[in-house]
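**Q** Next one to model:
(4 chains)
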There are 2 protein chains.
Amino acid sequence: MVQLHDARFDTTFAALSDATRRGVLEQLGRSDASITALAERFQMTLTGMKKHIGVLEQAGLVQTEKVGRVRTCRLGSSRLEQEAEWMEHYRRLWDARFNELDKVVEELKRRENSDE
Amino acid sequence: MVQLHDARFDTTFAALSDATRRGVLEQLGRSDASITALAERFQMTLTGMKKHIGVLEQAGLVQTEKVGRVRTCRLGSSRLEQEAEWMEHYRRLWDARFNELDKVVEELKRRENSDE
DNA sequence: TCTATACTGAACCATATGGTTCAGTTACAT
DNA sequence: ATGTAACTGAACCATATGGTTCAGTATAGA
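**A** Residues are numbered from 1 along each chain as shown, chains lettered A, B, ... in the order given. Predicted coordinates:
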């Protein structure tokens, strides 16, 4: 049931398609951070960063918790496992196609040889 | 020089964030195909499919060649190697954070025990 | 109690995206 | 020579995205 994962993949890959958001993930890998801290680090308004965090949260890549007036962001529960798997799958497809081409080339060589 | 890869990552992940395009990659993993064939398979106008192919081509995931009046699409040269690497990197960050939390939890338990 | 900080939400803006239709152009088949 | 098939490009449309400003609300600190 590949279809079932489609929506999730859409949102995860879309979340990863922005350099700022990938930067935020890197940062959160080093230490948790407030929205303000992240906004400063990436030279952006609070509101702008909040939106990015929203996207990352939606994709399960980040979790946040508000205590007092500061909302702390940390890495979320999605470890991109299925996405990494998908990439592996794609690579196998690629290899399959590649090997097929190799066979064709070999076949051509064989014919050339028998023609000589 | 992480920045150098940023633009490429942007376009690759964006290309992968659409279910139709991922479907096209799957299909091309099985066999090369014309734009018309792909458009039919994914129930879409020729023009629509052409745009998707354009996006995939831009990301290096697909290559095309026009012979006569049909343009044949096949898997491209990008094997998502750097992207897979990036995901691994992210995972290591995640693990690092996770282990850190584990230590904190252990530390808390130790204190609890010494309090008893 | 007053003030500054940290966030939130609505509204706005420019540009991008995913799709369409319509009007070509080129190439194959009769 | 002509019709049809395969693609291409321009124009259009609705919605999404990445950002902003501005006007709040809620909390921490003096």
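**Q** Could you grab the helix/strand/coil label for A:Gln63?
**A** strand (DSSP: H, G, I helix; E, B strand; the rest coil).
**Q** Surely it touches A:Ser78?
**A** No - counting by CB atoms under 8 Å, A:Gln63 sits too far from A:Ser78 to count as a contact (9.7 Å). The C-beta positions use only the backbone N, C-alpha and C, and glycine is treated the same way.
**Q** can I see the domain layout of chain A?
**A** A:2-75, A:80-116 (automatic domain parsing).
**Q** wait, which of those domains is closest to DNA strand D?
**A** Ranking the domains of chain A by proximity to DNA strand D (CB to the nearest atom of the strand) places domain A:2-75 first, at 2.4 Å.
**Q** Point out where chain A drops to low pLDDT.
**A** Low-confidence segments of chain A, defined by pLDDT under 70: A:1-4, A:111-112, A:114-116.
**Q** and it, which residues reach chain B?
**A** A:6, A:9-11, A:13-14, A:16-19, A:22, A:25-26, A:28-30, A:74-75, A:79-80, A:83-84, A:86-88, A:90-94, A:96-97 (CB under 8 Å from any CB of the partner chain).
**Q** ranges for the strands of chain A?
**A** A:33-34, A:62-67, A:70-75 (DSSP state E).
**Q** near DNA strand D, which residues of chain A?
**A** Selection of chain A residues close to DNA strand D by CB under 7 Å from any atom of the strand yields A:14, A:17-18, A:20, A:44-45, A:47-48, A:51-52, A:55, A:67-69.
**Q** May I see the ChimeraX selection of the buried members of the residues of chain A next to chain B?
**A** Here is the ChimeraX command that picks out the buried ones among the residues of chain A next to chain B, judged by 16 or more other CB atoms under 10 Å in any protein chain shown:
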select /A:9,10,11,13,14,16,17,18,19,22,25,28,29,75,79,80,83,84,86,87,90,93,94,97
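**Q** what angle do the lengthiest helix in chain A and helix B:81-115 make?
**A** Using DSSP state H, we find that the single longest helix of chain A is helix A:81-115. For helix A:81-115 against helix B:81-115, the angle by axes from the mean of the first three to the mean of the last three CA atoms, to 10 degrees is 150 degrees.
**Q** related to what we said a few turns ago, now the buried members of the residues of chain A next to DNA strand D.
**A** Here, 16+ other CB under 10 Å leaves A:Ala14, A:Ser17, A:Asp18, A:Thr20, A:His52, A:Val55 buried among these.
**Q** Adding distance to A:Asn113, write these out as TSV.
**A** Shown next, in TSV, are those (distance: CB to CB, whole Å):
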residue	distance to A:Asn113
A:Ala14	51
A:Ser17	48
A:Asp18	53
A:Thr20	57
A:His52	60
A:Val55	58
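**Q** Show me which pair in the residues you listed is furthest apart.
**A** Comparing every pair within those by CB to CB identifies A:Ala14 and A:Thr20 as the most remote, at 13.3 Å.
**Q** give the contact list for A:Thr12.
**A** A:Thr12 makes contact with A:Ala59, A:Gly60, A:Leu61, A:Ser78, A:Leu80, A:Glu83 under the criterion CB atoms under 8 Å, 6 or more residues apart in numbering or on different chains.
**Q** Closest one to A:Lys109 out of the residues you listed, please.
**A** Nearest to A:Lys109 among the contacts of A:Thr12, with distances taken as CB to CB, is A:Glu83, at 39.1 Å.
**Q** now that closest one: how far from A:Lys51?
**A** Look at A:Glu83 and A:Lys51: by CB to CB, to the nearest Å, they are 22 Å apart.
**Q** what's the answer for A:Leu28, then?
**A** 16 Å.
**Q** what does A:Thr45 give?
**A** For A:Thr45, the distance to A:Lys51 - CB to CB - is 10 Å.
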